[in-house]
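Engineer: take this sequence and fold it.
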Amino acid sequence: MPAEPTGPARRTGGAPGALFLLGLAALAVSVAVSVRIGSSAVTYSDLARALGLRLGLAAEPLPPLLDSLIWDLRLPRVLLAALVGAALAVCGAALQAVTRNALADPYLLGVSSGASAGAVTVVVLGAGAVGLAAVWLHATALDGFSFGADTATSLGVDVRVTRLVLLIATALLTSVAVASVGAVGFVGLIVPHGVRFLVGPLHRTLLPFTALAGGIFLVWADALARIAFAPREVPVGVFTALAGVPLFLLVLRRRGEL
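Structural biologist: Below is the predicted model of the structure:
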């Protein structure tokens, strides 16, 4: 049977709901800060007014250019970063369990090659949501896969069928990222490891926290990509790699491969 959470996971085990709410608050703050920063200044007051206008709670309109900057440029980009980060992180967590490979992520396994071919399908059918639901529904099976095919079988999992479903689901999730922003490395590798340390290995808890952390991580990476060398932008993958390479080397060292 899957192991019980230990270490930090045991300390948070009494209030996972409170920890998740804290994560949601952190994501909301990250989105607000990221929308605010950039080559053109946006104040928190501007953000509050923009939201109030949409909710019918504010009477004074924003200047048209500022309103367009927030709703047509900044906010869609930041929300897309959060969604893509969540998709890649969940994909990585699932693949690490299915393959029992701590270094697995969509790009290392070549799943992104199939994902590129499905990009149009993702845009038209919203296949990313299907992939996310499929991974979530197989959380218990992922616990079994983490300990090997025999353990999964003892839990009543049809290993061949479930593995195929999960690989297709992770390809769909990766398609969301490829179709939306291109290849962004290391999110699916480093985020699941960090979250697993905090909340433990059980995927019913791990997956939602991984989605939250992946969204927060990529929102900040995208913000840095926009402002680090302003007015020039650099690829967001530069900053995910800066965070990912050291952890990649750490995982290799712990596995005795470095």
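Engineer: count the residues that sit near L212.
Structural biologist: Neighbours of L212 under the rule other CB atoms under 10 Å: 23. (Each C-beta comes from the backbone N, C-alpha and C, glycine too.)
Engineer: helix or strand: which one has the residue nearest the centre of the chain?
Structural biologist: Centroid-nearest residue in the chain, with CA atoms, centre = their mean: A86, separated by 2.1 Å. When elements are assigned from DSSP states H and E, A86 belongs to helix 75-99.
Engineer: export stretch 88-97 to CSV, keeping only CA atoms.
Structural biologist: Output of stretch 88-97 as CSV, limited to C-alpha atoms (Å, rounded to 0.1, in the frame of the first residue of the first chain):
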residue,chain,number,x,y,z
LEU,A,88,2.9,20.9,-16.9
ALA,A,89,3.4,20.3,-13.1
VAL,A,90,0.5,17.8,-12.9
CYS,A,91,1.8,16.1,-16.1
GLY,A,92,5.2,15.7,-14.5
ALA,A,93,3.8,14.3,-11.2
ALA,A,94,1.8,11.7,-13.2
LEU,A,95,4.7,10.6,-15.4
GLN,A,96,7.1,10.3,-12.4
ALA,A,97,4.6,7.9,-10.9
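Engineer: give me the residues contacting it.
Structural biologist: By CB atoms under 8 Å, 6 or more residues apart in numbering, the surrounding residues in contact with stretch 88-97 are 101-102, 104-106, 109, 111, 131-132, 135, 138, 142-143, 145-146, 166, 169-170, 173-174, 177, 184, 187-189, 191-192, 195-196, 203, 206-207, 210-211, 213-215, 217-218.
Engineer: pLDDT on the helix holding A86, on average?
Structural biologist: Across helix 75-99, the average pLDDT comes to 93.
Engineer: could you do stretch 102-111 as well?
Structural biologist: When pLDDT is averaged over stretch 102-111, the result is 72.
Engineer: and for stretch 182-198?
Structural biologist: Stretch 182-198 comes out at a mean pLDDT of 89.
Engineer: next one: stretch 147-163
Structural biologist: 90.
Engineer: got a list of what P192 touches?
Structural biologist: Residues counted as contacts of P192 (CB under 8 Å, 6+ apart) are A89, G92, A93, Q96, L206, T210.
Engineer: which stretch of helix or strand covers it?
Structural biologist: helix 187-199.
Engineer: that helix vs helix 75-99, what angle?
Structural biologist: 70 degrees (axes from the mean of the first three to the mean of the last three CA atoms, to 10 degrees).
Engineer: report the buried residues of the following helix or strand past helix 187-199.
Structural biologist: Reading on from helix 187-199 to the C-terminus, the next helix or strand found by DSSP H and E is helix 203-227. Across helix 203-227, burial judged by 16 or more other CB atoms under 10 Å covers 203, 205-226.
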